[in-house]
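K.L.:
My questions concern the predicted model and sequence given below.
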Amino acid sequence: MFKALLPKEEKYFEDFKEIISYTQQGAKITLDFFASESYDPAIYLKLKPIQNRCEEISSKVIKRLNKTFITPFDREDIFALVKRLNAIGDNLFGAAVRVDTYNVIDKVDGADELANIVLMQIKELDTVLKDLNHRHENIDECKAVRDLENEADNVYRRELKKLFQTETDPLTIFKKKEILDILENAADKCQSAANVITQILIKNS
């Protein structure tokens, strides 16, 4: 009873909104990077400060969890959500940085499509996270994220098949496949975040 009367720490909602806002910025930059006719290192370098900021917010949330007695919802859900949101940005940066690390010159077919799908997923996550502390029934945005993940799977399989059919150099196949792998994993992380949000909404409905 005493615990129920104590004020809950509400700053987590602002943290989620801040992370997803930065992640959306990163997704837009990633899309611009992979959609350009030639890969411009100046574009992907803009991603690093965004990734660093998301890491800082995630670290702040985890530290606060260790000090906060009352949380707005289960602390394991807060931990899971912030980790999954942070992982989206990590994957976006990872895909772009591979282009520079591997000195990829030719466009990676499908990379721009996958980056665009991830951006759409993030926009759906942004919508629900902006009002997470008030929403208890409407989880349409979470379903949309999962539907988009299925679309990303289709693009990934199509481009992988095409890559193995048309490319003859094993090293080029390895490089491009890994970039596609990471972008598809970013879509998976968006779905994982949506799953956590759905769980939170159901628990607190």
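P.N.:
Received, thanks.

K.L.:
quick one: the residue most central in space within the chain and Ala95, what's the gap?
P.N.:
Centrality entry for the chain: nearest residue to the mean C-alpha point is Ile88, 2.5 Å, by Cα atoms, centre = their mean. Separation of Ile88 from Ala95 (Cβ to Cβ, to the nearest Å) stands at 11 Å. Any C-beta I mention is one placed from the backbone N, CA and C, and that applies to glycine too.

K.L.:
what sits in contact with each of those two?
P.N.:
Shared contacts of Ile88 and Ala95, defined by Cβ atoms under 8 Å, 6 or more residues apart in numbering, are found at Ala186.

K.L.:
shaky segments in this structure?
P.N.:
In the predicted model of the chain, residues 1-10, 69, 133-138, 205 satisfy pLDDT under 70.

K.L.:
Please report the residue range of the longest helix in it.
P.N.:
helix 170-203 (DSSP state H).

K.L.:
What are the buried residues along that one?
P.N.:
Residues 172, 175-201 are the ones in helix 170-203 that count as buried (16 or more other Cβ atoms under 10 Å).

K.L.:
so how many other residues sit close to Ser21?
P.N.:
17 (other Cβ atoms under 10 Å).

K.L.:
Mind giving me the packing neighbours of the helix or strand hosting it?
P.N.:
Here Ser21, judged by DSSP states H and E, is contained in helix 11-35. Contacts defined by 3 or more Cβ pairs under 8 Å, 6 or more residues apart in numbering; DSSP states H and E place helix 11-35 against helix 41-44, helix 47-65, helix 75-101, helix 111-129.

K.L.:
Alright, that wraps it up for me.
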